[in-house]
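# give me a 3D structure for the following:
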Amino acid sequence: MEYKRGRYSWLLRPFLIIFDITVINVLAFYFFNFNEEKLYFFSNDFFNNKHLLYFLYSIELWILSTSLLSFYKVYRYTSALNIISLIIKQLFVYSIIFLAFVGAFRSINIQAFEMLNYLLFSFAIISLVKLLSYYTLKTYRSYLQGNVRRVVIIGKSEGANELKSLFTKKKELGYNLLATFSDSKTGEYTGTVAQSFDYLKENTGVDEIYCAIDELTEKQVNDFVKYANINHCNIKFIPNTKKLLTKRLKTDFYNYLPVQSIQEVALNNDFNKIIKRTFDVIFSIFIIVFVLSWVSVILFILIKLESKGPLFYKHKRNGINYKEFYCYKFRSLRTLGEVKGTYVKQNDNRVTKIGRFLRKTSIDELPQFVNVLMGDMSVVGPRPHMLSYTEDYSKKVDKYNFIFRHNVKPGITGLAQIKGYRGEVKSDEDIINRIKYDIFYIENWSLLIDIKIILQTVVHIFVVQDEAY
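You can find the predicted model right below:
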């Protein structure tokens, strides 16, 4: 998620949107006489007024077209050439939109020269204000030291050094480089990577952290992502420029230098989060009230008869943005302690008789609906790994894919599980395929996919998979 900081600069985008829509409508009223009828607010002709229709039409189509072209997504590192390119694209698209409106009303008689004048005048004003605001902000940053982002760079790679030089020399970009950290013994750095965490704890005003990802361990990446999430600052990754750029992360260019960040997937936009969370809460309450309530009583008796210990077992797992949380299960083992690097294997003597049944049918996962209600998990999503496995698996899987996987809440069930990739990891191929299905789910999420996965999970309760033990 991209966190936006600043006092007033965030107002610029909505101002430009309102200004541009005003321009195209005021000039349309000035250039064209769409219809000669007067506007009677209480007559039947109100909605037949073509000026009013064009006003409504232009607002909807302008917002839609600019959204698709990312017309207003101009950042401090965006070049003037890119802005001009956006203006030309929008001019072309909106010309088609305007011609479509004129073509829809054959009674409108407008000469081609008049239409060309209207479009050129409109976009001349829009372009002037857009570029003026762009250069005004640059001047404000360069000379008045306003609208500044406070940043930290982690690493000594060629890209990290180039970024450091860019931030230092180009004051108009508005980046205040607070510190640089690296484990390298050559070069001038504020401290080591380990010391950077102490620095970040003491300086909570950092806006952005740039990490040379290939120089960091998985644990260090985890810690930086967690810090950024807790402190609402942006984390960005400086890739190895000699390698192909991954499509999993969003790529921006700072003066031709690629910088990547965790992109917002459809699953994480505000509207979809509300839909998924509403479904999770309703579904989990239903299961807790009508299933878990009486199943817990029966299992309490059966589990206690076979072995000593509590009914529930809790263990730490990594959730969204590597956040740690306690995941709940019905106890299926005689032992309570988590053994690092030890999955439950087939015919494992630690598993109780009732525990074997619970694990085969996945009934042991039912208490995780409490985790869903608490907001740590979702009903459907990538399965959360134990902390020790998160570090081990990251060494076998592309690091960018692993970061992408932890960009959403983990689930009680998921696409990988219904495809047979669950339980013990016998080879590297198992975890690679598991991540592959998790990535596919994240990129293609819909509520219908969630419902389909839930239904297939219910089927697997009765048709036990070989991997469940």
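# tell me which helix or strand comes right after the longest helix anywhere in the chain.
Under DSSP state H, the helix in the chain containing the largest number of residues is helix 112-144. The C-terminal neighbour of helix 112-144 among helices and strands, as given by DSSP states H and E, is strand 149-154.
# list the contacts of that following strand.
Among residues not part of strand 149-154, those counted as contacts by CB atoms under 8 Å, 6 or more residues apart in numbering are 5, 76, 160, 163-164, 167, 174-182, 193, 196, 199-200, 205-212, 215-216, 224, 238. (Each C-beta comes from the backbone N, C-alpha and C, glycine too.)
# neighbouring strands - and their directions - for it?
Sheet pairing of strand 149-154 (DSSP bridges) gives strand 175-181 (parallel), strand 208-211 (parallel).
# can I get the last one in PDB? Just the C-alpha atoms.
When you say that, I think you mean strand 208-211. Listed in PDB are the C-alpha atoms of strand 208-211, where the atom choice follows Å, rounded to 0.1, in the frame of the first residue of the first chain:
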ATOM      1  CA  GLU A 208      10.300   6.100   2.600                       C
ATOM      2  CA  ILE A 209      12.800   3.300   2.900                       C
ATOM      3  CA  TYR A 210      14.700   2.100  -0.200                       C
ATOM      4  CA  CYS A 211      16.200  -1.400   0.000                       C
END
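# what about the next helix or strand after that strand, distance to the chain center?
Toward the C-terminal end, the helix or strand that comes next after strand 208-211 (DSSP H and E) is helix 218-231. Offset of helix 218-231 from its chain centre (CA atoms, centre = their mean, to the nearest Å): 15 Å.
# from the chain's centre, how far out does stretch 228-243 sit?
Between the mean C-alpha position of stretch 228-243 and that of its chain there is a distance of 13 Å (CA atoms, centre = their mean).
# how near is the residue nearest the centre of the chain to residue 118?
Taking CA atoms, centre = their mean as the criterion, residue 264 is the residue nearest the geometric centre of the chain, at 2.4 Å. According to CB to CB, to the nearest Å, residue 264 stands 36 Å off from residue 118.
# quick one: stretch 442-461 to chain centroid distance?
21 Å.
# show the subsequent helix or strand relative to the one helix or strand in the chain whose mean pLDDT sits lowest.
Across the helices and strands of the chain, mean pLDDT, DSSP states H and E gives its lowest value to helix 387-394, namely a mean of 62. Under the assignment DSSP H and E, the closest C-terminal helix or strand after helix 387-394 is helix 399-405.
# just checking, what packs against that following helix?
Counting by 3 or more CB pairs under 8 Å, 6 or more residues apart in numbering; DSSP states H and E, the packing neighbours recorded for helix 399-405 are helix 218-231, helix 428-443.
# and the shortest one, what's buried?
Just to be clear, that refers to helix 218-231. Applying a neighbour-count criterion of 16 or more other CB atoms under 10 Å, one finds 218, 220, 221, 222, 223, 224, 225, 226, 227, 228, 229 buried in helix 218-231.
# measure the nearest residue to the last one once chain neighbours are set aside to residue 212 for me?
What sits nearest to residue 229 in space, not counting adjacent residues and going by CB to CB, 6 or more residues apart in numbering, is residue 321, at 4.0 Å. Per CB to CB, residue 321 is found 20 Å from residue 212.
# still on that earlier bit, give the buried residues for the longest helix of the chain.
Of the residues in helix 112-144, those buried under the neighbour-count criterion (16+ other CB under 10 Å) are 115, 118-119, 122-123, 125-127, 130, 133-134, 137-138, 140-141.
# quick one on the thing from earlier: now the helices and strands packed on helix 399-405 in TSV, with mean pLDDT and distance to residue 64?
What follows is these, written out as TSV (pLDDT from 0 to 100; distance: least, CB to CB, whole Å):
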stretch	mean pLDDT	distance to residue 64
helix 218-231	84	32
helix 428-443	83	23
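# these: which one's closest to residue 296?
helix 428-443 (29.5 Å; CB to CB).
# which strands and helices sit next to that closest one?
Using 3+ CB pairs under 8 Å, 6+ apart: helix 428-443 touches helix 399-405, helix 415-418.
# could you dump that helix to CSV, C-alpha only?
Backbone C-alpha positions of helix 428-443 (Å, rounded to 0.1, in the frame of the first residue of the first chain) are rendered in CSV as follows:
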residue,chain,number,x,y,z
ASP,A,428,11.4,-27.7,-3.4
GLU,A,429,8.8,-28.3,-6.1
ASP,A,430,6.1,-28.6,-3.5
ILE,A,431,6.7,-25.1,-2.0
ILE,A,432,7.3,-23.6,-5.5
ASN,A,433,3.9,-24.9,-6.7
ARG,A,434,2.2,-23.8,-3.5
ILE,A,435,3.5,-20.2,-4.0
LYS,A,436,2.5,-20.4,-7.7
TYR,A,437,-1.1,-21.1,-6.9
ASP,A,438,-1.1,-18.5,-4.1
ILE,A,439,0.1,-15.8,-6.6
PHE,A,440,-2.5,-16.9,-9.2
TYR,A,441,-5.2,-16.5,-6.5
ILE,A,442,-4.0,-13.0,-5.5
GLU,A,443,-3.8,-11.8,-9.1
